[in-house]
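Sequence first, then the predicted structure, then my questions.
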Amino acid sequence: MAGGEGGDRPIRGATTGTAGGLCSCNSGYGVPGIRASLPHPVGYAMPGAVLILAVAAFATGAAHGVEGQVLLQKYDCYICHGDTETKTGPAFVEVATRYGRSPQAAATLTAMVKKGAHGSGPWHMPPMPQVPDADARKIAEYILALEP
């Protein structure tokens, strides 16, 4: 079994372990909850590691989304807007649709948060100069990441 079973390939320069060069860790390739004895070469890059990296990447994106929502709540944006619901102000998905194609979209929305905006109706978005630039940018990025 030169490369393990099922087409598994060892990492170049991997050390040999137990008889036959297979690891005796008795793990399920790094997947939690699987305790079956699955032979694999010592030093094999286990698929579980790929899963962990994918979850970490997703969690990072989710964390940015949560941070955006927290900031929208902190600065009372949800009083007039909803992510998908039009209230006194437009839904954030509508804002994303309107400005999302522009290369300057994040800068435009960041400025709107800070300086306010006058829409076509009787209501306007008041200026919010108390919002730090970094928070206004995170809010803009959150809004632009929304999909209808």
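That came through, no problem.

Would you map the strands across this protein?
Here the chain has its strands, by DSSP state E, at 117-118, 124-125.

now these in a markdown table, with distance to residue 79?
Every residue, glycine included, has its C-beta placed from N, CA and C. Below are the strands of the chain laid out as a markdown table (distance: least, Cβ to Cβ, whole Å):
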| stretch | distance to residue 79 |
| --- | --- |
| strand 117-118 | 16 |
| strand 124-125 | 11 |
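
Out of those, flag the one nearest residue 80.
Closest of those to residue 80 is strand 124-125, at 7.3 Å (criterion: Cβ to Cβ).

if we can go back for a sec, columns distance to residue 101, mean pLDDT and mean neighbour count on top of the strands of the chain, output as JSON lines?
Below are the strands of the chain laid out as JSON lines (distance: least, Cβ to Cβ, whole Å; pLDDT from 0 to 100; neighbours: other Cβ atoms under 10 Å):
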{"stretch": "strand 117-118", "distance to residue 101": "18", "mean pLDDT": "88", "mean neighbour count": "12"}
{"stretch": "strand 124-125", "distance to residue 101": "21", "mean pLDDT": "90", "mean neighbour count": "16"}
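
mind giving me the domain split of the chain?
Domain assignment for the chain by automatic domain parsing gives 1-45, 57-145.
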